[in-house]
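In: below is the structure, and that's it, no one-letter string:
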């Protein structure tokens, strides 16, 4: 049976610094096609930041044609304003995927860390170093980009599971 090649867009949302990464995977082989961050300067209006997230992710989808998208699941913030802002950034990212008919799944930070490093309590440096190793990158990606690539890797691992197990986890 031939192994299918899939492309996965990983997204780590934030209003000011959203990490993005596209990987291509075939079986256990993975490579990064694109990664970086959507940097919104502090003086940009809130609406301009959301537009930039939407447009940049839309362009990434157009350029790389991912089969799937994965985003970090919502977390519980102590500050309601922070939670609302993150929710709006996530909404812009999810809308960009939905408009282009890309199925998007959520993965908790703990699940992402566990899938990439082997423990759900890994720190950001451990995640970034393992992302480098798994994707054969020459240099460590910026923190938000590394997180986005880790989310994409986690999703790839979920896709490798039998369908009945995947339905419970995704």
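Out: Sure, I can see it. This structure is a prediction, so every number in the text was calculated from the model and none was measured.
In: quick one: residues contacting the residue nearest to residue 16 when sequence neighbours are not counted.
Out: Closest residue in space to residue 16, ignoring its immediate chain neighbours: residue 40 at 5.0 Å, by CB to CB, 6 or more residues apart in numbering. C-betas here are computed from N, CA, C, even on glycine. Contact analysis of residue 40 by CB atoms under 8 Å, 6 or more residues apart in numbering lists 15-17, 48-49, 52-53.
In: neighbours of residue 37, how many?
Out: 22 (other CB atoms under 10 Å).
In: pLDDT of the helix or strand hosting it, averaged?
Out: Taking DSSP states H and E as the criterion, residue 37 maps to strand 29-39. Strand 29-39 comes out with an average pLDDT of 97.
In: show me what it is packed against.
Out: Applying 3 or more CB pairs under 8 Å, 6 or more residues apart in numbering; DSSP states H and E, one finds that strand 29-39 contacts strand 17-26, helix 46-64, helix 124-135, helix 143-159.
In: quick one: distance of the helix or strand that the second one is followed by to the chain centre.
Out: With elements assigned by DSSP H and E, the helix or strand that comes after helix 46-64 is strand 68-72. The chain centroid and the centroid of strand 68-72 are separated by 5 Å, computed with CA atoms, centre = their mean, to the nearest Å.
In: with that, I have no additional questions.
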